[in-house]
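>>> only geometry, no sequence info:
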């Protein structure tokens, strides 16, 4: 009986350990199954839910934007004052040139004031466009290691240009006080024209970022585009220099409608705006943005291989 009892206790112990082992294996297997369902990335699934993923990764957009802002002014002596110094230098140079050498008029609005408004809005576009062009190459280590919607990388660079623009608005405010220019209710429409400039910046930035990954030559083309765009946009001269069909064709530059509308909104309508041209600029900006997103999505799958 003693032997039988010992055998029974051993058998019971073995059964208990075996049951525990089976339960443990079942638990691990079930957890692995759930983990596999959560972690396996299917190309078709991600393609189908791309825009949902874009919203899910919105916090990453915030951190990328914050990183770019910190990097811009890291270890700089002057710091954020560069956002004011750079446009001030351009304003002084072009104000002197186009007031003393080649007189240019914006109607009743003082030339330095009109030049400042155009320079600040163009600076927003130029900064976003240039930074977006190199954004994917600069984040190559991040892109090659983890999955996330790559569209977030060039989109995050827009924050740096927008912060610079908000800081540099102090220049415009000081000059408006100096020249005793008081805005009216039209100032409430100014954010709409800033939004138009941001839309054009996003579209151009998406195009440039994707093309820079495909063709490295675009890194050298981007500064040329920015320099040329400055002179073909109504920054240092009014767009009413063009008439008729030339004015409509000129308005296909999305920044033309944005700058003209911004001046009209800030300077209580003293600078006239060509509304058909603004409509054309809006359509051009939307087409630029939509086609840029389409091309970006088309080439996004091969970014890792090309980077």
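Thanks, I have it. These numbers were taken from a predicted model, which means no experiment stands behind them.
>>> pLDDT weak spots in this protein?
1-48, 75-79 (pLDDT under 70).
>>> Just the strands from it, written as ranges.
Read by DSSP state E, the chain holds no strands at all.
>>> how much space is there between the spatially most central residue of it and residue 150?
The chain has residue 158 as the residue nearest its centroid, 2.9 Å off, counting by CA atoms, centre = their mean. Going from residue 158 to residue 150 by CB to CB, to the nearest Å gives 15 Å. Just so you know, the C-beta spots here come from the backbone N, C-alpha and C atoms, and that holds for glycine as well.
>>> likewise residue 101?
For residue 101, the distance to residue 150 - CB to CB - is 47 Å.
>>> go on, residue 65?
Relative to residue 150, and taking CB to CB, residue 65 is found at 15 Å.
>>> same deal with residue 162?
21 Å.
>>> re the thing from before, who has more neighbours, residue 65 and residue 150?
The residue with more neighbours, out of residue 65 and residue 150, is residue 150; 23 against 19, by other CB atoms under 10 Å.
>>> how about the nearest residue to the more buried one, chain neighbours excluded?
Excluding the flanking residues, the one nearest residue 150 by CB to CB, 6 or more residues apart in numbering is residue 300, at 5.1 Å.
>>> ok, now which ones touch the one you found?
Taking CB atoms under 8 Å, 6 or more residues apart in numbering, we find residue 300 in contact with 150-151, 210.
>>> can you tell me how far the nearest residue to residue 179 once chain neighbours are set aside sits from residue 103?
Leaving aside its sequence neighbours, residue 179 sits nearest to residue 110 (CB to CB, 6+ apart; 5.0 Å). Distance of residue 110 to residue 103, given as CB to CB: 13 Å.
>>> Which one of these two is surrounded by more residues?
residue 110 (20 against 8).
>>> Distance-wise, check the residue nearest to residue 179 relative to residue 127.
For residue 110, the distance to residue 127 (CB to CB) stands at 26 Å.
>>> ok, now how distant is the closest residue to residue 235 other than its chain neighbours from residue 266?
Ranked by CB to CB, 6+ apart and with sequence neighbours excluded, the top spatial neighbour of residue 235 is residue 118, at 3.9 Å. Here residue 118 is placed at a distance of 11 Å from residue 266 (CB to CB).
>>> Likewise for residue 248?
Taken as CB to CB, the span from residue 248 to residue 266 is 24 Å.
>>> Who has more neighbours out of the two?
residue 266 (27 against 14).
>>> My guess is that one contacts residue 185. True?
No. Assessed by CB atoms under 8 Å, residue 266 is found out of contact with residue 185, at 12.0 Å.
>>> If anything else comes up later, I'll come back, but that's it for now.
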